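# Next one to model:
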Amino acid sequence: SKGYLLVLPVGAAAAIAAAVMKGAEGAAAMADATQLTPRRWLVLAVFSLLSFSSAALWITFSPIEEIVIDYYGITAGDVNWLSMVFMILYIPFFFVAAWMLERLVLRAGLAVGALINALCAWLRFVGRGEGGFALVMAGQCVAAVAQTFILGSPAEVAAVWFGARERAKATAVGVMANQLGIAAGFVLSTYCVQRSERDSDAHVIPPGLGAALGRYYLGQAVLCSAVLLATVCFVRAEPRRPPSASASHRRQRKSLARTASGRPCSPAPGEESAQRYGSNAAAAAADEGLFGGGNDDDDDAGDDDDDAGAGGAAIPSHSPMEFVMSVLRLMRHAEFFKLTTGYGVNVGAFYAISTLLGQMVLPRHRGAEVAVGWMGFALVCAGVVGSVGVGWLLDRFKAFKTITVVVYFLSILGTLGFAVALAVDAAMAVLFVMAGCMGFFMTALIAAGFEWAAEIAYGSANDTTSSGLLNCAAQVYGVALILLLGAIQGKADGGGGGGGGGGHAGVDRGNWVLCAVMVVGWLVMCLVNAPLKRHSLEKQSRAGAHGIDAHTEDESGGGGDADGGVEEYEEEPAASGTAPLLG
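So this is what the prediction gives:
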């Protein structure tokens, strides 16, 4: 374009000047130039829709528990298993999914998840009849496998496609989409499948309820199929040039690992021109358009080379055993293990509350399924706002420990407030407010945990693996808390009939236990003390690009240092022009 031709001479002159000052290092630095592409927003949008649909499938039955019990002729424990199967199956299948995401590419892994997700939705539609509970349960099991490719991927999508100053916000958006799926599931389930209070008291299935349930299943199946098509058509493995210095560094590590293993390795995006022109940095700059505004066709052309990179794995694992060893190394990291434990307790508590919300509220408010659905909506939507706020704070200050510990403590206060409101038989409006306060902080912790784990695990595992291990812990504690609270409420192993729970006293006792467990998780989180490896690399890169001695930077990880100090983060320059180089 004309704009490109006007800017190109300036870029060429700058490249020549850099080559004169740095000599042969100029070409190597040029090959590592970073750039952001508009396509990243499309990839994030499609991934968000995929995560949204997966979450909506998970929470479908929780807000209409009593209707499902009467329609299929099952128990409350069976309805709980429709949710818990997601948590239980995530643990073994996560390792398979994480290995596939490392060995293949991000695009392929998400496509597999979208395909399985769509299969689940159609399987549930086939089981829409009153005798189809077995098919519905099978569909939930299939959806549980699909979520292993989705739930831990927000941080990986952000690391592969977004710059250093955008990663936490992009991760928050990915987490937010999952939470919005839960919120939509709460509302749509009670809106599309409902009955009168009189029918609820008499446990009567009114005419047309089965048809309404079938239409609801069909709408979910159509949505999941559309998301599958969008994933295949629009998601690419990675951008042509890396979006940040850490992403460039990860590509180099992967390229070296593939070369050392004797496997053929195509030049990483941005390396081809360096190989072609050697030390002629100006010609390389002209060929790659590093200093021009460029055009998006560069990105599109490189996106087809899916086999050139695998979503930015830090240490590629080309065999199951190598992957298992990388996971074991990560789990032996004491600080990462403490982070996993604290995170698992908090998010597991959120899963338990989401699953048992109807059983907590309906004993005191009979026939209020629709209100419970909207309460779940408020719980999650408040968390969406919290996730965005926390993402902004993390990008701004990089104070991972300080922010996470404070948010965790406030989530405990919110849960305690909700428990007190239930215990004193507060009005429904008060319960709505307390549920919103609780969700605001509990959900916000998810994005913070993903980003902190990625910082600690950088160089040992990719972001999908670190996030997935956090999710594994959340599933374990979620199942344990659901079973524990069910037993305390008078339902041994989650069994029992109806949605009335074990009485008001049982619900209250369960809530006090839940708060106590969360306090223990918070104390463990306070003990985490680890350097921020990825942020440290970004700071060294910026220091090298500006001619600053990297040793004058904070060696312990910078703005969000291990002791939780707060330091305002100097944002990485925009990558639309001259980008920071890996010094």
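# lowest-confidence helix or strand of this structure?
helix 281-288 (a mean of 36; mean pLDDT, DSSP states H and E).
# If we ignore the residues flanking it in sequence, what's nearest residue 203?
residue 70 (4.9 Å; C-beta to C-beta, 6 or more residues apart in numbering). In this view, the C-beta of every residue, glycine as well, is placed from N, C-alpha and C.
# burial of the one you found, as a residue count?
Around residue 70 sit 20 other residues, with neighbours defined as other C-beta atoms under 10 Å.
# Next: the one 4 residues further on.
The local packing of residue 74 (other C-beta under 10 Å) involves 17 other residues.
# Please apply the same query to residue 230.
Using other C-beta under 10 Å, residue 230 has 17 neighbouring residues.
# And it, how close does it get to residue 425?
Distance, residue 230 to residue 425, by C-beta to C-beta, to the nearest Å: 47 Å.
# mind listing what the residue nearest in space to the middle of the chain touches?
Centroid-nearest residue in the chain: residue 154, 3.7 Å away (criterion: C-alpha atoms, centre = their mean). Contacts for residue 154 (C-beta atoms under 8 Å, 6 or more residues apart in numbering) come out as 47, 51, 170-171, 173-175, 178, 447, 450, 467.
# quick check, nearest of the residues you listed to residue 331?
If you rank the contacts of residue 154 by distance to residue 331 using C-beta to C-beta, residue 467 comes first, at 14.1 Å.
# which SSE is the closest one in?
helix 463-488 (DSSP states H and E).
# of the contacts of residue 154, the lowest pLDDT goes to which?
In terms of pLDDT, the weakest of these is residue 447, which scores 78.
# that older thread, check the gap between the residue nearest to the centre of the chain and residue 133 for me.
33 Å.
# same question, residue 506
26 Å.
# what's the answer for residue 120, then?
For residue 120 relative to residue 133 (C-beta to C-beta), the value is 15 Å.
# Which of these two has more residues huddled nearby?
residue 120 (27 against 18).
# Verify the contact between the more buried one and residue 142 for me.
Yes. Applying C-beta atoms under 8 Å as the test, residue 120 and residue 142 come out as touching, 4.0 Å apart.
# Can you pull the poorly scored residue ranges out of the chain?
1-32, 197, 200-202, 254-319, 459-460, 462-463, 490-503, 535, 538, 541-583 (pLDDT under 70).
# the strands in it, which residues?
Taking DSSP state E, the chain contains no strands at all.
# quick one, what contacts the nearest residue to residue 101 once chain neighbours are set aside?
The shortest distance from residue 101 to any non-neighbouring residue, by C-beta to C-beta, 6+ apart, is to residue 109 (3.9 Å). Applying C-beta under 8 Å, 6+ apart to residue 109 gives the contacts 97, 100-101, 149, 153, 311, 464.
# of all the residues you listed, which two lie farthest apart?
97 and 311 (12.7 Å).
# which residues touch the spatially closest residue to residue 158 that is not a sequence neighbour?
Distances taken as C-beta to C-beta, 6+ apart put residue 170 closest to residue 158, at 3.8 Å, once the chain neighbours are dropped. Shown in contact with residue 170 (C-beta under 8 Å, 6+ apart): 40, 44, 154, 157-158, 161-162.
# Pull the most distant pair out of these.
Taking C-beta to C-beta, no two of the contacts of residue 170 sit farther apart than 40 and 154, at 13.2 Å.
# Not including adjacent chain positions, what is the nearest residue to residue 190?
Spatial nearest neighbour of residue 190, excluding adjacent residues (C-beta to C-beta, 6+ apart): residue 373 at 3.1 Å.
# Give me the neighbour count for the one you found.
Residue 373: 25 surrounding residues under other C-beta under 10 Å.
# same check, this time on the one 5 residues further on
One way to gauge burial is a neighbour count; for residue 378, by other C-beta under 10 Å, it gives 23.
# Report the buried members of the contacts of residue 109.
Among the contacts of residue 109, those classed as buried by 16 or more other C-beta atoms under 10 Å are 97, 100-101, 149, 153, 311, 464.
# now, which of these lie within helices?
If you go by DSSP state H, those have 97, 100-101, 464 in helices.
# Reformat those residues as TSV; add distance to residue 244.
What follows is those, written out as TSV (distance: C-beta to C-beta, whole Å):
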residue	distance to residue 244
97	25
100	25
101	20
464	17
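# between these, which is nearest residue 360?
Residue 360 lies nearest to residue 97 out of those, by C-beta to C-beta, at 32.1 Å.
# Please report the distance of residue 426 from residue 374.
16 Å.
# just residue 157 next, same as before
Distance from residue 157 to residue 374, by C-beta to C-beta: 31 Å.
# So the two - more neighbours on which side?
residue 157 (27 against 19).
# Skip the chain neighbours and tell me the closest residue to that one.
Of all residues beyond its chain neighbours, the one nearest residue 157 is residue 47 (5.3 Å), with distances taken as C-beta to C-beta, 6+ apart.
# Would you mind confirming that the one you found makes contact with residue 234?
No. Judged on C-beta under 8 Å, residue 47 makes no contact with residue 234 at a distance of 9.9 Å.
# neighbour-wise, which of the two wins?
With other C-beta under 10 Å as the criterion, residue 47 and residue 234 differ in neighbour count, and residue 47 comes out ahead with 30 against 15.
# residues touching the more buried one, list them.
110, 153-154, 157, 174, 177, 231, 235.
# what's stretch 505-513 in contact with?
Contacts of stretch 505-513 (C-beta under 8 Å, 6+ apart): 359-360, 363, 415, 418-419, 422-423, 484-485, 488-490, 501.
# among the contacts of residue 47, which are in helices?
Per DSSP H, the subset of these in helices is 110, 154, 157, 174, 177, 231.
# Among those, which one sits closest to residue 334?
The closest of those, once distances to residue 334 are taken by C-beta to C-beta, is residue 154, at 25.3 Å.
# give the contact list for the closest residue in space to that closest one that isn't next to it in sequence.
Nearest residue to residue 154 in three dimensions, chain neighbours excluded: residue 174, at 2.8 Å (C-beta to C-beta, 6+ apart). Residues in contact with residue 174, defined by C-beta under 8 Å, 6+ apart, are 44, 47-48, 51, 153-155, 157-158.
# Max pairwise distance over the residues you listed: which two?
It's 48 and 155 that sit farthest apart of the contacts of residue 174, by C-beta to C-beta, at 13.8 Å.
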